[in-house]
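Asks: no sequence on this one, just coordinates:
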């Protein structure tokens, strides 16, 4: 029996090592930070990988994620697995396997009196690599880090409940939030800690509605000690889910349970979120994470490089930190691509020219993003629609002016790295006006072919395609 157990353990370790290598290869091929972010989110819902001969069985934490992974990533992940498996041929299967809920003994009044309770299992597993020690501190994120550590020191109390962290894609919001969960879990294993995205929260709500078991859904999420909710801007898609979350938020807050949320935007800049929810989001601590400086980017790369199987020369890290500035996730993707290359060709010496070629897709997108200037966008759109710059920046609300103004806002938001305050200032408007304009164009693009054609032609002037947008 002991031998069998050791053999099974060794097989599980080997399967996970092969899977992690295949996953790294796949992620390194993704140049878009947003695509990589989405893939990482769904891959994080994998709880185990088993191998039976040539068949890999990937078990996830929900039926929704198993179906999503199968439909969207199965073929590409299978090809990556075949690159690392010696036999070169594999089958890949995704399954939902519900994990048993562990029991924990918790003292309730005295050492002599104990009660057995069940710990809530997080909808999405916490990534154990997301810790405060692994988070690289810099001027752009130091206040957010301090707030996260304050939550761990006194969860559910003081002015840090809720903690709302906002900032652009790939800047470390999810890392900080999961670091809170990991640290609290380490300090008190009996805490019921739940981490999930707003999208997954909505999907679960819909599934519970189908089963006519909304009371079960409410009981599940209102019984947690710590709720970590990623990407709350997703709640803008529905009024009913906002009502549900509003009541859950109040129930948790009233019972002094800790709530931590992240979003791309500050609460006041989420136009489709009800004001009463915005008020709740702003009722604790708001912290923004900004784009990191060169020094912070280089420190992040050095930290990431420490965990790689290959040694990446410092001059390569400096090259990446200098060339890729808009997204930490894009920077990490470039590092991943370099590491895969160095693993395959360990004797290689990467010159500047070789790095330019190897990371051309990352660099080209970065340079194009940086090249675009808001004034140039405004000028190109104004010319296309035969309006003056004065009209574009004016309060005029006729459709002949509103359409080009909102289109220019859309391009500035989706195809540059400029922040909302920067864009609002250039248009002499408020944040809310810019967000409203962007969302209005998004809706119209789905149904107005002429508008989409005009956008494509304007973007072509800058060497862009519609698919190049940042989110």
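Replies: Everything's here; your move. Predicted, not measured: the structure shown is a model, and the values here were computed from it. Residues are numbered from 1 along each chain as shown.

Asks: okay, residue 193: pLDDT?
Replies: Residue 193 is assigned 92 on the pLDDT scale.

Asks: just checking, it touches residue 229?
Replies: No: at 12.0 Å, residue 193 does not count as touching residue 229 under the criterion of Cβ atoms under 8 Å. All C-beta atoms are positioned from the backbone trio N, CA, C, and that covers glycine.

Asks: domain-wise, how is the protein divided?
Replies: Domains of the chain are assigned by automatic domain parsing as 2-96, 119-289, 294-359, 372-468.

Asks: what's the closest non-adjacent residue to residue 294?
Replies: Once flanking residues are discounted, residue 294 sits nearest to residue 321: 5.8 Å by Cβ to Cβ, 6 or more residues apart in numbering.

Asks: residue contacts, the one you found?
Replies: Counting by Cβ atoms under 8 Å, 6 or more residues apart in numbering, residue 321 makes contact with 294, 297-298, 301, 331.

Asks: again, only using 10 Å
Replies: Applying Cβ atoms under 10 Å, 6 or more residues apart in numbering to residue 321 gives the contacts 292-302, 331, 334-335.

Asks: could you do residue 384 as well?
Replies: 404, 407-408, 454-455, 457-458, 461.

Asks: also residue 167?
Replies: Residue 167 makes contacts with 140-141, 144, 173, 262-266, 287-291, 419, as judged by Cβ under 10 Å, 6+ apart.

Asks: that older thread, over to the residue nearest to residue 294. Which of the three states is it?
Replies: Here residue 321 is helix, with the state taken from DSSP: H, G, I helix; E, B strand; the rest coil.

Asks: which stretches in the stretch 201-350 of the chain count as helices?
Replies: 214-222, 239-254, 275-281, 294-306, 314-323, 328-344 (DSSP state H, counting those that start in this stretch).

Asks: quick one, the fifth one and helix 294-306 angle?
Replies: Calculated by axes from the mean of the first three to the mean of the last three Cα atoms, to 10 degrees, helix 314-323 forms an angle of 130 degrees with helix 294-306.

Asks: quick one: mean pLDDT for helix 314-323?
Replies: For helix 314-323, the per-residue pLDDT values average out at 92.

Asks: what's the answer for the third one, then?
Replies: Averaging the model's pLDDT scores along helix 275-281 yields 92.

Asks: how far out from the middle of the chain is it?
Replies: 22 Å (Cα atoms, centre = their mean, to the nearest Å).

Asks: buried stuff in that helix?
Replies: 277-278, 280-281 (16 or more other Cβ atoms under 10 Å).

Asks: what's the answer for the last one, then?
Replies: Under the neighbour-count criterion of 16+ other Cβ under 10 Å, helix 328-344 has 328-342 buried.

Asks: closest one of those to residue 439?
Replies: residue 329 (23.9 Å; Cβ to Cβ).

Asks: for that closest one, give its distance to residue 253.
Replies: 32 Å (Cβ to Cβ, to the nearest Å).

Asks: just the closest of the contacts of residue 321 to residue 88, please.
Replies: Nearest to residue 88 among the contacts of residue 321: residue 335, at 27.3 Å, using Cβ to Cβ.

Asks: that closest one contacts residue 317, correct?
Replies: Yes: the pair formed by residue 335 and residue 317 meets the contact definition of Cβ atoms under 10 Å, at 7.5 Å.

Asks: quick one: low-confidence parts of the stretch 51-200 of the chain?
Replies: Low-confidence segments of the stretch 51-200 of the chain (pLDDT under 70): 61-62, 64-65, 97-122.

Asks: let's see 90
Replies: 51-129, 134, 136-142, 154, 157-159, 166-172, 188-191, 197-200 (pLDDT under 90).

Asks: hey, where'd the strands end up in it?
Replies: For the stretch 51-200 of the chain, the strands defined by DSSP state E, counting those that start in this stretch occupy 55-60, 91-96, 103-110, 113-118, 163-167, 193-197.

Asks: list the buried ones in the first one?
Replies: Of the residues in strand 55-60, those with enough neighbours to count as buried (16+ other Cβ under 10 Å) are 56-60.

Asks: now swap in stretch 256-275 and tell me
Replies: Neighbour-count burial for stretch 256-275 [16+ other Cβ under 10 Å]: 257-271, 273-274.
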